[in-house]
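Novice: Here is a sequence together with a model predicted from it:
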Amino acid sequence: MTIRNQRLSLLKQPISSTLNQHLIDYPTPSNLSYWWGFGPLAGLCLVIQIVTGVFLAMHYTPHVDLAFNSVEHVMRDVEGGWLLRYMHANGASMFLIVVHLHIFRGLYHASYSSPRELVRCLGVVIFLLMIVTAFTGYVPPWGQMSFWGATVITSLASAIPVVGDTIVTWLWGGFSVDNATLNRFFSLHHLLPLILVGASLLHLAALHQYGSNNPLGVHSEMDKIASYPYFYVKDLVGRVASAIFFSIWIFYAPNVLGHPDNYIPANPMPTPPHIVPEWYFLPIHAILRSIPDKSGGVAAIAPVSICLLALPFLKSMYVRSSSFRPIHQGIFWLLLADRLLLGWIGCQPVEAPFVTIGQIPPFVFFLFFAITPIPGRVGRGIPNSYTDETDQRKGKQGRGLSSVREDRTFNFMPSGKRGSRNRNGLFDLIDLSVPKRVLPRSMVQPGLAMEQACELGTPFRDLHRLDKEFQLMGRFFNWLLSESALTLCVRGINSTLEICRIRNYKLSSGNRISYC
């Protein structure tokens, strides 16, 4: 049996066939941009968090008298423990940054619209699980801010009528935040990532049911190429850039997002003057503070999740992508500015004028979901076909753009032949079986399709632009693998490790002293 036949036989196996179908030969729209790489990057962040968390758990002691010291033991005495701790602590923030970018990319291009409602709903569930997982992981270090953050957040459940106090007592495992609380949160912090992995797999399966959206928002079964090697290489560029950014973060500014009070052992007697949660909790914290009444603030959190889940069903637009919808673009940037303002308000003290200003962003946030169906009714979509556009120019009413120039449309074959091949077996022009959309030439340029595109079922797509990108990427990675680049990287890593050793450790008179 030849190697080729062995490979084909292996691909016919159930597990291999499924993996090949969803990871290697999965058909992907050929015009996806780098913004579509945040989904796979989020999966990589999840793997890093699980791996580093397992190694940290080997040295952690979940007891109120030993938890803080065990974290210090990892930082000071375990070889490479400081790197694991910083990767795990800052990796949570990196994970949520990537997921936020992934969410806002989906909002801008309306990837949540039909038929991908289930993808959106599962994404919201994953995001909520991430928030809960991050909160349960914030408590185990058992610093001053960890203790009081757990006290404040769990006390919010007491606002629930009838069963509120019972839920708080169950969460605490007693009548105050103590050793039972720490063990509960530590156990949940181990369980929730497993649920998160399962939800992520369901999210991926739901996405592959109908395929990915694209920057144009126009679905085509023909204009697709295999994920490997094209988008693997394209995603690799984003992963290398993210790895460089993350390395600079953990090596040179690992405590930039840490609160100073959390480097003090937990003490239930003195209350911190200003309790500030992690940055990813700040919008929720701001919404809670926007309503003076405790029950009202807690009640305002539930509609946030409901609005996020209901967004796919509020959409009524003919065109998905905001590239053709200036009204939706303005609303999107307003929502992004409102999200940043919520984060800023959440970290400010509870005093004037921040209390008054903090009541505006939540109103704008909920207003976004209330007016979401309106732009779809006001705006007009691109035509369904060249015939619709021609009829519209003759004065007939259609659902098309009212001013699309003739030179911005596809040049269809005058002979009427659809997708005819030339002498070399390549397609000359567009296959008209593809949805006939009137699109800007800067976004879709018809022309000679390459032989690889024909083999992959994309007879009309001109992939010369992608080839140029891959050539540039290849040159970049060849330089990375060259001797000069490797020498430079090794020297940089050695210098960075030496700086971290000098910064964190110093031997003085035989005793190890740490600089915080």
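Specialist: Everything's here; your move.
Novice: for the stretch 1-150 of the chain, which spans come out with low pLDDT?
Specialist: 1-14 (pLDDT under 70).
Novice: residue ranges for the helices of it, please.
Specialist: Ranges of helices in the stretch 1-150 of the chain, per DSSP state H, counting those that start in this stretch, are 3-11, 14-19, 38-57, 67-76, 81-108, 117-138, 144-155.
Novice: Show me which residues of the fourth one are buried.
Specialist: Put plainly, it is helix 67-76. By 16 or more other Cβ atoms under 10 Å, the buried positions in helix 67-76 come out as 67-68, 70-72, 74-75. From N, CA and C alone the C-beta is placed, and that goes for glycine too.
Novice: now do the last one
Specialist: Of all the residues in helix 144-155, those buried under the rule 16+ other Cβ under 10 Å are 144-151, 153-154.
Novice: next one: the shortest one
Specialist: For helix 14-19, burial by neighbour count (16+ other Cβ under 10 Å) applies to no residue.
Novice: so who does the residue nearest to Val132 when sequence neighbours are not counted touch?
Specialist: Closest residue to Val132 apart from its sequence neighbours, by Cβ to Cβ, 6 or more residues apart in numbering: Leu192 at 6.2 Å. Shown in contact with Leu192 (Cβ atoms under 8 Å, 6 or more residues apart in numbering): 129, 132-133, 136.
Novice: just the buried members of the residues you listed?
Specialist: 129, 133, 136.
Novice: Low-confidence ranges, the chain, go.
Specialist: For the chain, the ranges with pLDDT under 70 are 1-14, 315-320, 375-516.
Novice: any idea how it splits into domains?
Specialist: 29-270, 281-379 (the TED database).
Novice: Would you work out how far apart the start and end of the longest one are?
Specialist: As for domain 29-270, its first-to-last residue distance stands at 57 Å under the measure Cα to Cα, to the nearest Å.
Novice: Check whether Gly43 really touches Ser200, as I assumed.
Specialist: Yes - if you go by Cβ atoms under 8 Å, Gly43 and Ser200 touch, sitting 6.6 Å apart.
Novice: Would you list the phi and psi of Ile225?
Specialist: Main-chain dihedrals, Ile225, degrees, to the nearest 10: phi -130, psi 170.
Novice: Hmm, it is touching Asp25, no?
Specialist: No - when contacts are counted by Cβ under 8 Å, Ile225 is not listed as touching Asp25 (10.1 Å).
Novice: When the two are compared, which one has more neighbours?
Specialist: Using other Cβ atoms under 10 Å, the more surrounded residue of Ile225 and Asp25 is Ile225, with 23 against 13.
Novice: Find the residue closest to His59 in space, skipping its chain neighbours.
Specialist: Spatial nearest neighbour of His59, excluding adjacent residues (Cβ to Cβ, 6+ apart): Val74 at 4.9 Å.
Novice: number of nearby residues for Tyr112?
Specialist: 23.
Novice: and the angle for the lengthiest helix in the chain with helix 67-76?
Specialist: In the chain, ranked by residue count with DSSP state H as the criterion, the top helix is helix 179-210. Per axes from the mean of the first three to the mean of the last three Cα atoms, to 10 degrees, the angle that helix 179-210 makes with helix 67-76 is 60 degrees.
Novice: What residues sit buried inside helix 179-210?
Specialist: Neighbour-count burial for helix 179-210, counted by 16+ other Cβ under 10 Å, picks out 181-182, 184-186, 188-189, 192-193, 196, 199-200, 203-204, 206-207.
Novice: Kindly report the same for stretch 216-226.
Specialist: 216-218, 220, 222-226.
Novice: and what of stretch 161-178?
Specialist: Neighbour count says stretch 161-178 has 164, 168, 171-172, 177 buried, by 16+ other Cβ under 10 Å.
Novice: Verify the contact between Gly343 and Leu282 for me.
Specialist: Yes - applying Cβ under 8 Å as the test, Gly343 and Leu282 come out as touching, 4.3 Å apart.
Novice: got CSV for the domains of the chain, with distance to Ser16 too?
Specialist: Below are the domains of the chain laid out as CSV (distance: least, Cβ to Cβ, whole Å):
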stretch, distance to Ser16
domain 29-270, 14
domain 281-379, 34
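Novice: quick one: which of these is nearest Leu19?
Specialist: domain 29-270 (11.3 Å; Cβ to Cβ).
Novice: Which helix or strand contains Asp165?
Specialist: helix 164-172 (DSSP states H and E).
Novice: Look at the nearest residue to Pro29 once chain neighbours are set aside and give its secondary structure.
Specialist: Nearest in space to Pro29, with sequence neighbours left out and distances taken as Cβ to Cβ, 6+ apart, is Asn214 at 3.9 Å. State at Asn214, reduced to three classes by DSSP: H, G, I helix; E, B strand; the rest coil: coil.
Novice: before we move on, what about the one 3 residues further on?
Specialist: Reduced to three states with three-state DSSP, the structure at Gly217 is coil.
Novice: With Phe135 as the reference, measure out to it.
Specialist: 36 Å (Cβ to Cβ, to the nearest Å).
Novice: hang on, the earlier thing: TSV for the buried residues of stretch 161-178, including distance to Gly106?
Specialist: Below are the buried residues of stretch 161-178 laid out as TSV (distance: Cβ to Cβ, whole Å):
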residue	distance to Gly106
Gly164	35
Val168	36
Leu171	33
Trp172	37
Val177	37
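Novice: Wait, Phe368 touches Trp333, no?
Specialist: No - taking Cβ under 8 Å as the definition, Phe368 is not a contact partner of Trp333, at 11.2 Å.
Novice: okay, those two: which has more neighbours?
Specialist: Phe368 (17 against 12).
Novice: Can you verify the more buried one is assigned to a strand?
Specialist: No - when three-state DSSP is applied, Phe368 is found to be helix, with no strand at that position.
Novice: Compute the distance between it and Pro362, please.
Specialist: 11 Å.
Novice: In contact with the closest residue in space to Pro141 that isn't next to it in sequence, which residues?
Specialist: Residue nearest to Pro141 in three dimensions, not counting chain neighbours: Val71, with 5.2 Å by Cβ to Cβ, 6+ apart. By Cβ under 8 Å, 6+ apart, the contact set of Val71 is 60, 85, 140-142.
Novice: So which of the buried residues of stretch 216-226 is the closest to Ile306?
Specialist: Nearest to Ile306 out of the buried residues of stretch 216-226 is Gly217 (Cβ to Cβ; 25.7 Å).
Novice: I'd say the closest one and Ala110 touch.
Specialist: Yes - assessed by Cβ under 8 Å, Gly217 is found in contact with Ala110 at 6.5 Å.
Novice: just to revisit the earlier point, could I get the buried residues of stretch 216-226 as CSV with distance to Ile97?
Specialist: Below are the buried residues of stretch 216-226 laid out as CSV (distance: Cβ to Cβ, whole Å):
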residue, distance to Ile97
Leu216, 27
Gly217, 25
Val218, 30
Ser220, 32
Met222, 36
Asp223, 31
Lys224, 30
Ile225, 29
Ala226, 30
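Novice: just to revisit the earlier point, format the helices of the stretch 1-150 of the chain as JSON lines; extra columns: distance to Ile250.
Specialist: Shown next, in JSON lines, are the helices of the stretch 1-150 of the chain (distance: least, Cβ to Cβ, whole Å):
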{"stretch": "helix 3-11", "distance to Ile250": "39"}
{"stretch": "helix 14-19", "distance to Ile250": "32"}
{"stretch": "helix 38-57", "distance to Ile250": "11"}
{"stretch": "helix 67-76", "distance to Ile250": "13"}
{"stretch": "helix 81-108", "distance to Ile250": "4"}
{"stretch": "helix 117-138", "distance to Ile250": "17"}
{"stretch": "helix 144-155", "distance to Ile250": "20"}
